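Engineer: Sequence first, then the predicted structure, then my questions.
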Amino acid sequence: MTTGYFIDLVGTSVFAISGALSALSKKMYHDLFGIFFIGFLTATGGGTLRDVVMGAYPIAWIRDPNYLIVIMGSVGVAVLGRRWWLGKLRNALLFFDTLGIGIYTIFGMQKALSLDVNHWAAILLGMISALFGGVLRDTLVNDLPLIFDRQIYATACLAGAIIYLIGHTLELDPTLNFLLSAGSITLIRLLAIRKGWSLPRIDNQ
Amino acid sequence: MTTGYFIDLVGTSVFAISGALSALSKKMYHDLFGIFFIGFLTATGGGTLRDVVMGAYPIAWIRDPNYLIVIMGSVGVAVLGRRWWLGKLRNALLFFDTLGIGIYTIFGMQKALSLDVNHWAAILLGMISALFGGVLRDTLVNDLPLIFDRQIYATACLAGAIIYLIGHTLELDPTLNFLLSAGSITLIRLLAIRKGWSLPRIDNQ
Amino acid sequence: MTTGYFIDLVGTSVFAISGALSALSKKMYHDLFGIFFIGFLTATGGGTLRDVVMGAYPIAWIRDPNYLIVIMGSVGVAVLGRRWWLGKLRNALLFFDTLGIGIYTIFGMQKALSLDVNHWAAILLGMISALFGGVLRDTLVNDLPLIFDRQIYATACLAGAIIYLIGHTLELDPTLNFLLSAGSITLIRLLAIRKGWSLPRIDNQ
């Protein structure tokens, strides 16, 4: 099992849990299938859109059953542990989502760069990998998408993507670069929530 | 004309009618173009998403004008007969939608399996074929998507998909297997509406 | 630089400005990144969906950094000039959107016809190029999509697409045909706004 494959499965699991917890927090999806479906879309949405836009076929979960098995297991963990998560639901959700966006932004960029995408587009594709699954999740459960959160969110992904690109240009070791840039995203986002950081508003007057 | 092609055109027609009737039931889309457009998205949405995700190009309606001609005809039938449908609109909608999800779930699975997709993904792709067009339709006309109906809906597709897969593994005759599994979906859904069947809720407390 | 490339970049710029102005008119997206993101989706959404559905890889903005550079410049122009636009915002928005749909409908059709798509599908793909970016923009900023405007909008694109197809069949010079049909779309739409034109309603009674 290569590192990239392992990372992709971890990201899939983390996002599937965040989707299942989100569905569990709403009345709308209280049957097992609905909860699995939200978990599945959260986990696969970003990577699928990224690969479709790049024409990078076959899509991982279509070729390889392990993705769907990991999603089913992760949704099961979320469902069985729901009483434990309960009460700390919002924090658990933010934790898994924050891990997920760090992993997927950089994983998505690595994939894009390996396919000779231009650097500007690689940044956007990394961000799409990280953010689109969450947008689907939040839209389907009728939450305001986290991407519109006043606290720095997409901007954390952007910062991490730029850090990775600099490391990539400096020919840093890919694994080190991954840890550094994905870690930055998670750290920036956590600090932003804690400290209430946000981008300056652009005023119309 | 092969059986698969014929089945695909019937599914297209049935979904186009369900989309047009849905649009006719709302004030928003009372011009002919708007009604055609909803019919078109309902009829092609699921199959297009399925084929794009599999990279199965070219998409049917792009290669072959018959799909769009069938859609135009079906929308015409819905519009000309609207006074007749009126009063029984909700029943007519449910009837065409229920036929459509049976046909498209199994047709989508057959296509996925013929392209060497793994079995788990084939089930999901069959369900996406069947359900995504209706999600577009219901979202665009501002109905709560049928997929969130309390009565068994997506689960009926799931059951039919599993029946088809078992028949496929047992090397049942494809046409017989099609009739059996697509028929099960339609039957389960109709019984669920009639009897008020729903999946058990997963309680948070 | 070929004419087609130049036209595509002009359309990209015009739609990016319309997206940025739309975002600036709402409280939700008052940071620079949010405004860029709406501009990016408005500018690339329609063309990306068109090319993905046709399997016409690689997508322009992924292969060629100039698209993203043009979008960044256009969003910058919208942001820096926002006080100037202010007060005439709705008119500026309509102006850029109207230019954009004319350019993209015909550019999208030209691309589809060059890839041997059937004529019915080419008309729809032209309209998708023109309209999908705006639907994303309006949905994300919570405006009623312009596509549902009572005044003729999608129908103007349809009329222009048919004019182009007639010219194409008559082997008219492509550039002349482009100007004629894209100009018709913009003209029909402007007249429809001014005169309050709309399609006849289809009555249920």
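Structural biologist: Nice, I can see it.
Engineer: Just the mean pLDDT for the longest helix along chain A, thanks.
Structural biologist: Counting residues, the longest helix in chain A under DSSP state H turns out to be helix A:89-114. This predicted structure assigns helix A:89-114 an average pLDDT of 88.
Engineer: Does that helix reach chain B?
Structural biologist: No: for a cut-off given as Cβ under 8 Å from any Cβ of the partner chain, helix A:89-114 has no contacts with chain B; the smallest distance is 9.0 Å. C-beta coordinates here come from the backbone N, C-alpha and C atoms, glycine included.
Engineer: Please point out which parts of the helix or strand bottoming out on mean pLDDT in chain A sit buried.
Structural biologist: Within chain A, judged by mean pLDDT, DSSP states H and E, the helix or strand with the poorest mean is helix A:82-85; its value is a mean of 76. Burial within helix A:82-85, assessed by neighbour count using 16 or more other Cβ atoms under 10 Å in any protein chain shown, is assigned to A:82, A:85.
Engineer: same thing with stretch A:3-15?
Structural biologist: Of the residues in stretch A:3-15, those buried under the neighbour-count criterion (16+ other Cβ under 10 Å) are A:7, A:8, A:9, A:11, A:12, A:13, A:14, A:15.
Engineer: Could you measure from the fifth one over to chain B?
Structural biologist: According to Cβ to the nearest Cβ, to the nearest Å, residue A:12 and chain B sit 13 Å apart.
Engineer: That residue against residue A:70, yeah?
Structural biologist: Yes: Residue A:12 sits in contact with residue A:70 when judged by Cβ atoms under 8 Å, with a separation of 5.4 Å.
Engineer: Which strand or helix spans residue A:46?
Structural biologist: Using DSSP states H and E, residue A:46 maps to helix A:32-54.
Engineer: now check that helix, is it near chain C?
Structural biologist: Yes: shown here: helix A:32-54 in contact with chain C (Cβ under 8 Å from any Cβ) through A:52, A:53, A:54.
Engineer: out of these, who has the most neighbours?
Structural biologist: residue A:53 (24 neighbours; other Cβ atoms under 10 Å in any protein chain shown).
Engineer: how about the residues of chain A near chain B?
Structural biologist: Where proximity means Cβ under 8 Å from any Cβ, the interface of chain A facing chain B comprises A:24-25, A:28-35, A:37, A:40, A:48, A:52, A:55, A:57-59, A:61-65, A:68-69, A:79, A:82-83, A:86.
Engineer: And the helices in chain A?
Structural biologist: According to DSSP H, the helices that chain A contains are A:3-24, A:32-54, A:60-63, A:66-80, A:82-85, A:89-114, A:119-140, A:154-169, A:174-195.
Engineer: and the ones you listed as a markdown table, adding distance to residue C:127?
Structural biologist: Formatted as a markdown table, the helices of chain A follow (distance: least, Cβ to Cβ, whole Å):
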| stretch | distance to residue C:127 |
| --- | --- |
| helix A:3-24 | 34 |
| helix A:32-54 | 21 |
| helix A:60-63 | 30 |
| helix A:66-80 | 35 |
| helix A:82-85 | 46 |
| helix A:89-114 | 30 |
| helix A:119-140 | 25 |
| helix A:154-169 | 30 |
| helix A:174-195 | 38 |
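Engineer: Residue C:165 is nearest to which of the ones you listed?
Structural biologist: Closest of the helices of chain A to residue C:165 is helix A:32-54, at 28.5 Å (criterion: Cβ to Cβ).
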